[in-house]
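Asker: this one's structure only:
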């Protein structure tokens, strides 16, 4: 596969806030599914889970029976999904744009592009109570097959869009560092966006006197944040797809020619630089303070690209995997991470 040429710019990574006492992934279990590349996971309507696969299928998975069922084939590459109040399943398809799978089995394209430019990396989506849709577009230059080029080039082109109830597509944010997971506050007053290549989350105020204000949400991450989820308790759960890669962080503020040389090497080299794939999850409260950090290693699962708490269980998805994973949601008696120093 031919890679696009990169034009790297210098960037100095922010220092991360770490906790000295991360929690283990208690009772981590692996759930094999019939396909590859489950990038996202979201609750279904009948105690099941939904995920999209690399062959275009969206399937449901029942954790009790371990049975799966085809929901729809998008004909593209389904990534993030969210339920609409009218019963439609809204799908971010990396190849086709913003889709809606209707209760009557129709698959509609809501938005295939913006101002004449096709959506080539529609990533994640969330929906408000009145049916307003927010969705992210990770990069205007790179697609799912070569997204690591965005890490090395570091010329952010990620965007956040709003699809209004009258069908208008509005650009809310541009120049984001690989816009990825998004989550609404419980009162829908703000939205949080993961900037994967910036190791960061940002918060956009949607209502009130500070409407339109963009601020950092929490401290810089210890790795690359991917999909995020707003839990029923108001906390924001963040999947960390990979820890920071030391050689890459070393190169980012230095001569861009070094990253051009790295990009010319085989694709697997960058992945091998991170070592054994780990599973990392961070939980933040509504103010961005760290509540929990989870870290674990399992031989059959790593690099989580999505997280979603459902009842007493936390579910994980992983793009490079053929499985979902689950672990026990912490209880009130579990240690809470507090008073971590900010190291911005």
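Answerer: Sure, I can see it. As the structure is a prediction and not an experimental result, all values here were calculated from the model.

Asker: quick one: what helix or strand has residue 110 in it?
Answerer: Taking DSSP states H and E as the definition, one finds residue 110 inside strand 107-111.

Asker: Contacts for that strand, please.
Answerer: 72, 74, 90, 96-102, 119, 133, 161, 163, 167, 169 (CB atoms under 8 Å, 6 or more residues apart in numbering). C-betas here are computed from N, CA, C, even on glycine.

Asker: Parallel or antiparallel, list what pairs with the helix or strand just after that strand.
Answerer: Scanning forward in sequence from strand 107-111, with DSSP H and E defining helices and strands, the next element found is strand 113-114. Here strand 113-114 has these sheet partners by DSSP bridges: strand 117-118 (antiparallel).

Asker: related to what we said a few turns ago, just the buried ones among the contacts of strand 107-111, please.
Answerer: The neighbour-count criterion (16 or more other CB atoms under 10 Å) marks 72, 74, 90, 96-101, 119, 133, 161, 163, 169 among the contacts of strand 107-111 as buried.

Asker: Pick the one among those closest to residue 214.
Answerer: Set against residue 214, the nearest of the buried ones among the contacts of strand 107-111 by CB to CB is residue 161 (15.0 Å).

Asker: Which strand or helix spans the closest one?
Answerer: With secondary structure defined by DSSP H and E, residue 161 is part of strand 158-163.

Asker: Likewise for residue 226?
Answerer: When secondary structure is defined using DSSP H and E, the element that contains residue 226 is strand 223-230.

Asker: coming back round to it: want to try CSV for the buried ones among the contacts of strand 107-111, with secondary structure, distance to residue 148 and pLDDT as columns?
Answerer: As requested, the buried ones among the contacts of strand 107-111 are arranged in CSV below (DSSP: H, G, I helix; E, B strand; the rest coil; distance: CB to CB, whole Å; pLDDT from 0 to 100):
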residue, secondary structure, distance to residue 148, pLDDT
72, strand, 29, 99
74, coil, 24, 99
90, strand, 27, 99
96, coil, 23, 98
97, strand, 23, 98
98, strand, 24, 99
99, strand, 26, 99
100, strand, 30, 99
101, strand, 30, 99
119, coil, 20, 98
133, strand, 28, 99
161, strand, 24, 99
163, strand, 29, 99
169, strand, 28, 98
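
Asker: What distance do you get for residue 264 to residue 2?
Answerer: When CB to CB, to the nearest Å is applied, the distance between residue 264 and residue 2 equals 12 Å.

Asker: Which one's more surrounded, the two?
Answerer: Under the neighbour definition other CB atoms under 10 Å, residue 264 and residue 2 were set side by side, and residue 264 has more, 10 against 5.

Asker: Report pLDDT for that one.
Answerer: At residue 264 the predicted local distance difference test score is 90.
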